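Novice: need the 3D shape of this:
(one chain, ligands or ions: 1)
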Amino acid sequence: RTVYVNGDYLPETEAKVSIFDRGFLMADGVYEVTSVLGGKLIDFDGHAKRLERSLGELDMAAPVTMDDLLEIHRQLVARNGITDGLVYLQITRGSAGDRDFAFPDPATTPSTIVLFTQNKPGLAQSPQAEAGIKVISIEDIRWGRRDIKTVQLLYPSMGKMMAKKAGVDDAWMVEDGFVTEGTSNNAYIVKGGKIITRALSTEILHGITRAAVLRFAEEAQMEVEERNFSIEEAKAADEAFITSASSFVMPVVEIDGAALGAGTPGPVARRLREIYLDESLKTAV
Ligand code: PLP
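Specialist: Numbers count the residues shown, from 1 in each chain. This is a model prediction of the structure:
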């Protein structure tokens with residue numbers, strides 16, 4: 001694979017970052033994942049805007065312009081011959097050459113920027129989307145600024161392992177009795193045709209796929225309600241699904257061992273997946 005590190009395109013085996021990098025020592029960094037379908041980037045603008053916001057919230061400067069960022073994404077897609085897959089981007093606060101809790105002076109400490117591709121042929125034709133996924137619920141014990149897309153992913157990784165151990169696909173996190181989101185996706189239920197998902201706040205990541213899906217749903221005259229829901233309400237719902245840049249719209253067919261509806265993907269989730277894939281390809285770059 002050809003990867004990008006701080007201005008250079010290199011074979012992945014030659015790419016290097018300092019052991020003192022604050023991304024490595026302190027999870028002091030942010031990231032984005034953008035999907036590629038048919039060689040084109042899905043919702044690039046949305047991801048670039050959220051990246052700028054994440055950087056701003058952490059007082060980090062963007063090491064490249066957003067135009068440069070698009071060019072780097074396109075170069076990596078082309079150089080690696082990606083038709084379907086993902087582009088991972090990470091920016092960390094860099095390093096002043098030692099370990100220190102205080103932020104280094106940004107004037108003398110450039111941030112570190114790394115991008116790489118992940119080849120995923122047939123990403124949009126996932127058999128999982130046909131079968132639907134199963135989730136368990138776990139407690140949400142993450143920090144309070146989940147709206148910033150930081151690389152602090154230890155608890156979501158642990159949640160994914162709890163799910164695997166329970167023989168299911170993912171975990172929905174619950175705080176104060178209500179579902180926040182999945183380990184790496186936003187969570188939804190459907191009741192009487194109405195799409196219900198938690199409102200935006202600092203408690204969840206503002207999903208780029210979420211924004212697009214809710215917009216498409218409203219354009220298709222589907223009813224959307226942004227409010228909290230509990231696991232009990234979810235288990236009794238007609239349908240459930242998740243959204244993310246890598247899974248698009250993915251039906252959920254089981255929560256904590258209880259089958260939803262017929263135990264197969266529901267019509268609203270299926271339709272939204274179709275609409276999302278059709279519509280987002282039209283604006284892909
Ligand atoms: N919520 C969390 C915690 C995530 O990690 C992600 C994606 O990585 C999402 C939601 C979905 O966001 P997006 O649709 O922008 O991929």
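
Novice: distance check, residue 10 against residue 119.
Specialist: 18 Å (CB to CB, to the nearest Å). C-beta: built from backbone N, CA, C; applies to glycine.

Novice: tally of neighbours for the closest residue to residue 106 other than its chain neighbours?
Specialist: The shortest distance from residue 106 to any non-neighbouring residue, by CB to CB, 6 or more residues apart in numbering, is to residue 61 (5.8 Å). With neighbours defined by other CB atoms under 10 Å, the count for residue 61 comes to 12.

Novice: which SSE is residue 61 in?
Specialist: Secondary structure from DSSP states H and E places residue 61 outside every helix and strand.

Novice: and the most centrally placed residue in the chain, what are its bridge partners?
Specialist: By CA atoms, centre = their mean, the chain has its centre lying nearest to residue 244, at 4.9 Å. For residue 244, the beta-bridge partners are residue 248 (DSSP bridges).

Novice: that one contacts residue 187, correct?
Specialist: No: with contact defined as CB atoms under 8 Å, residue 244 does not count as touching residue 187 (10.4 Å).

Novice: picking up where we left off before, ok, now which ones touch the residue nearest to residue 106?
Specialist: Residue 61 is in contact with 55, 106, 111, counting by CB atoms under 8 Å, 6 or more residues apart in numbering.

Novice: next, work out how far apart it and residue 116 are.
Specialist: 22 Å.

Novice: residue 124 now?
Specialist: As judged by CB to CB, residue 124 and residue 116 stand 21 Å apart.

Novice: show me which residues of the stretch 151-285 of the chain sit near the ligand.
Specialist: 181, 184-186, 205, 207-210, 243-245 (CB under 6 Å from any ligand atom).

Novice: how about the strands in the stretch 1-150 of the chain?
Specialist: 2-5, 8-11, 29-37, 40-41, 85-92, 112-119, 133-139 (DSSP state E, counting those that start in this stretch).

Novice: got the angle between the longest one and strand 85-92?
Specialist: Comparing the axes of strand 29-37 and strand 85-92 via axes from the mean of the first three to the mean of the last three CA atoms, to 10 degrees yields an angle of 170 degrees.

Novice: output the contacting helices and strands for strand 29-37.
Specialist: Applying 3 or more CB pairs under 8 Å, 6 or more residues apart in numbering; DSSP states H and E, one finds that strand 29-37 contacts helix 44-57, strand 85-92.

Novice: between those, which one is closest to residue 33.
Specialist: Residue 33 lies closest to strand 85-92 among the helices and strands packed on strand 29-37, at 5.5 Å (CB to CB).

Novice: tell me if the closest one is near the ligand.
Specialist: No: contact of strand 85-92 with the ligand (CB under 6 Å from any ligand atom) is absent, the minimum separation being 10.0 Å.

Novice: can you tell me the strand partners of that strand and which way each runs?
Specialist: Strand 85-92 has these strand partners (DSSP bridges): strand 29-37 (antiparallel), strand 112-119 (antiparallel).

Novice: the ligand is nearest to which of the ones you listed?
Specialist: Evaluated with CB to the nearest ligand atom, the strands paired with strand 85-92 place strand 29-37 nearest to the ligand, the distance being 5.8 Å.
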